[in-house]
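Colleague: I would like the atomic coordinates for the input below:
(one chain, ligands or ions: 1)
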Amino acid sequence: MTKAVHSTKGDKYVTATLNPKERPNRLMVDDPTNDDNSVIALSQQKMDELELFDGDAVLLKGKKRCETICIVLADDTCPNDHIRMNRVVQNNLRVCSSDIVSIEVCQDIKRGKRIYVLPIDDSVQGIAGNLLEVYLKPYFVGAYRPIKTGDVFVARATMRTVEFKVIETDPSPYCIVAPDTVIHCEGDPIKREEEEVSLSAIDYDDVGGLENVKQEIQEVLQYSVEHPEKILKFGMTPTRAVLFYGPPGCGKTLLAEAIANEYQMNFIRISGPELLTMWFSGSEAKVRDTFGKTRQVAPCVLFLDDLDSIAKSRNGSFGDGGAVDRVINQILTEIDGMSAKKNVFIIGATNRPDIIDSAFLRPGRFDHLIYIPLPDEKSRLDILKITLRKSPVAKDVDMQHLSTITNGFSGADLTEICHRACKLAIRELIEKEINEGKEQQRNGQTATDSNEPEDLVPEIRRDHFEEALKFARRSVSDNDIRKYEMFTQTLQQSRYFGTQFRFSDQQTLQGTDRSGGYRENCDDDDLYD
Ligand SMILES: Nc1ncnc2c1ncn2[C@@H]1O[C@H](COP(=O)(O)OP(=O)(O)OP(=O)(O)O)[C@@H](O)[C@H]1O
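Modeller: Numbers count the residues shown, from 1 in each chain. A predicted model of the protein is given here:
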């Protein structure tokens, strides 16, 4: 399986910039074996040559004068002139696989007194929790991570990942975050800068079920990326765009992010309404720039969400159909330009495949449609387990039973049940701690009197789930599902002409049978006479 989609660099360029005698500290970027945001790896031989030791802090320089600091470790599987780093580090340096970076020891790095970081707005949407406790402390605790002003990093908790930008460090511009470093994160989330692309940390293990779809995507990507010449030989163009369709909340977005991660590609998401708003507010150039950015950060997955909204708007709030036609044309031109580029893969998504403009579905555009259905029982069990994998759940909570009784629930509906159960446990814990505090006050005790504070709610229990299920609801109706199934069936019928078709030997020999040999069940033999 292709794990990485490398940017195409001519050999000449590589040999010129990698002349080992002249610049031993210039190395070619490789994908990591260890996915840590703060670690890069070199061969032991290269470490010796550069007089580096395991655990040294190093200063890395990439493109556009971008720099970052990491810890270096020896990895004997790393080729001598290569440097392994994950996508977070690559993005901070604005480089990708096969690009060249330089490395030098960073001698003057100090322990941080304080750091100030802020979340990036689109990565924190819908998250209400305490970012410091839930994301930042677990990310930094005991890790002694070096950070530099301007870096972006990804911190993870349960199912969500949040991207943070380092606004300031004291001392500046870089430091090591130690246990006594004070972490500040107060303030509004900040906007993603133009050149920063999303660093999805969602991977295939975060997506429950959908095994067939993962397999299908693998084939599409593998054929298109690894064997384009074979596809061209047979007169076809490699598939560069697929359209996910299906009910809401079943993992279209999640899967698109996981694909980007799985194939070590950057991820850019644009929604149909965003594109329309850009256009109608008079910034066609912005639409071009948005697509342009995708080309710059290739290899990249471009995720075009809510494609149906463009079709809907023909008769809607954006005025006459003519204007919408022009938007569609520009978007299609961009998509055509994009899909001709080898290392940009476009994934469109819609809940309303029936109203998608047919121009989007022409060969060379979204000609490959993939249905993302409601999860079946096994997939529901997977989704429940994935959602709760970082949560302590009591042993007698029967997940299998939960997955059986939730027939017809989407992935998002199931996630909501789990989150509600978690919140009930959290609420109970807080209430119990407050009550216990009051009790201690009444008894004249202090919290430090007792040695080990008792864990008042150690796990999410059955009753938390039972309560959560009272509020559970299916967000997709049977009627909707029937419509998707009918669409899929019609699509298949229009695609698959017939399994019984065979060329007749006679026709091959004589070359005269204009019916194409498909005569088995035909009564109207005289049609062409
Ligand atoms: N297959 C799945 N595995 C794990 N979680 C899932 C799955 N499907 C949905 N979820 C949960 O539901 C949430 C919403 O899923 P997602 O946004 O990918 O759905 P979608 O199909 O893109 O929906 P929409 O069409 O409304 O944009 C996810 O963040 C995740 O928590």
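
Colleague: does His82 really touch Asp30, like I thought?
Modeller: Yes. The pair His82 / Asp30 is scored as a contact, 4.3 Å apart, by C-beta atoms under 8 Å. Glycine gets a C-beta too; all of them are placed from N, C-alpha and C.

Colleague: who touches both of those two?
Modeller: Common neighbours of His82 and Asp30, using C-beta atoms under 8 Å, 6 or more residues apart in numbering, do not exist here.

Colleague: and the stretch 351-500 of the chain, which residues reach the ligand?
Modeller: 351, 375, 383, 386, 411-412, 415 (C-beta under 6 Å from any ligand atom).

Colleague: low pLDDT regions in the stretch 351-500 of the chain?
Modeller: Applying pLDDT under 70 to the stretch 351-500 of the chain flags residues 446-453, 494-500.

Colleague: by proximity to the ligand, which residue of it wins?
Modeller: Using C-beta to the nearest ligand atom, Gly411 is the residue of the stretch 351-500 of the chain that sits closest to the ligand, at 2.2 Å.

Colleague: what is the burial count for that residue?
Modeller: By other C-beta atoms under 10 Å, the residues close to Gly411 number 28.

Colleague: next, Ile115: secondary structure please.
Modeller: strand (DSSP: H, G, I helix; E, B strand; the rest coil).

Colleague: if I look at it, how far off is Glu274?
Modeller: 32 Å (C-beta to C-beta, to the nearest Å).

Colleague: okay, buried residues for the longest helix belonging to the chain please.
Modeller: Assignment by DSSP state H gives helix 411-442 as the longest helix of the chain. Buried residues in helix 411-442, counting neighbours by 16 or more other C-beta atoms under 10 Å, are found at 411-422, 424-425, 428, 436.

Colleague: what is the next helix or strand after it packed up against?
Modeller: Note on helix 411-442: by DSSP states H and E, the next helix or strand toward the C-terminus is helix 462-470. Applying 3 or more C-beta pairs under 8 Å, 6 or more residues apart in numbering; DSSP states H and E, we find helix 462-470 packed against helix 411-442.

Colleague: up against the ligand, what does the stretch 151-300 of the chain have?
Modeller: Contacts of the stretch 151-300 of the chain with the ligand, taken as C-beta under 6 Å from any ligand atom, map to 159, 207-210, 248-254.

Colleague: can you do 5 Å?
Modeller: 207-208, 248-254 (C-beta under 5 Å from any ligand atom).

Colleague: list of residues touching the helix or strand hosting Lys483?
Modeller: Using DSSP H and E, Lys483 maps to helix 478-495. Outside of helix 478-495, the residues within contact range by C-beta under 8 Å, 6+ apart are 245-247, 353-354, 369, 371, 373-374, 408.

Colleague: mind telling me the two of those farthest from one another?
Modeller: Within the contacts of helix 478-495, Leu369 and Gly408 form the most distant pair, 23.2 Å apart (C-beta to C-beta).

Colleague: with neighbour numbers in mind, choose between the two.
Modeller: Using other C-beta under 10 Å as the criterion, Leu369 and Gly408 rank with Leu369 on top: 18 against 14.

Colleague: with adjacent residues omitted, what lies nearest to Ile310?
Modeller: Gly272 (4.6 Å; C-beta to C-beta, 6 or more residues apart in numbering).

Colleague: again but with Leu456, I slipped
Modeller: Counting by C-beta to C-beta, 6+ apart, Lys432 is the residue found nearest to Leu456 once chain neighbours are left out, at 4.1 Å.

Colleague: quick check: the one you found touching Val457?
Modeller: Yes. Shown here, Lys432 and Val457 form a contact pair, counting by C-beta under 8 Å, at 6.4 Å.

Colleague: circling back: and the contacts of helix 478-495, which of them are in strands?
Modeller: When DSSP state E defines the strands, the subset of the contacts of helix 478-495 inside them is 245, 369, 371.

Colleague: adding distance to Arg192, write those residues out as TSV.
Modeller: TSV is the format used below for the ones in strands among the contacts of helix 478-495 (distance: C-beta to C-beta, whole Å):
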residue	distance to Arg192
Tyr245	28
Leu369	30
Tyr371	31
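
Colleague: can you read off the backbone torsions of Asp396?
Modeller: Backbone geometry at Asp396, expressed as degrees, to the nearest 10, gives phi -80, psi 10.

Colleague: can you count the residues close to the residue nearest to it when sequence neighbours are not counted?
Modeller: Spatial nearest neighbour of Asp396, excluding adjacent residues (C-beta to C-beta, 6+ apart): Arg462 at 6.0 Å. A count of nearby residues for Arg462, using other C-beta under 10 Å, gives 14.

Colleague: relative to Asp31, how far out is Arg462?
Modeller: As judged by C-beta to C-beta, Arg462 and Asp31 stand 43 Å apart.

Colleague: per-domain residue ranges of the protein.
Modeller: Per automatic domain parsing, the structural domains of the chain span 11-105, 114-184, 204-371, 377-441+456-475, 500-529.

Colleague: turn the ones you listed into JSON lines, including distance to Lys483.
Modeller: Output for these, formatted as JSON lines (distance: least, C-beta to C-beta, whole Å):
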{"stretch": "domain 11-105", "distance to Lys483": "38"}
{"stretch": "domain 114-184", "distance to Lys483": "28"}
{"stretch": "domain 204-371", "distance to Lys483": "7"}
{"stretch": "domain 377-441+456-475", "distance to Lys483": "15"}
{"stretch": "domain 500-529", "distance to Lys483": "30"}
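
Colleague: any idea which of these scores lowest on pLDDT?
Modeller: Lowest mean pLDDT within these: domain 500-529, a mean of 43.

Colleague: who does the lengthiest strand in the chain touch, helix- and strand-wise?
Modeller: If you go by DSSP E, the chain has its longest strand at strand 160-170. Applying 3+ C-beta pairs under 8 Å, 6+ apart, we find strand 160-170 packed against strand 114-119, helix 121-124, strand 145-148, strand 152-157.
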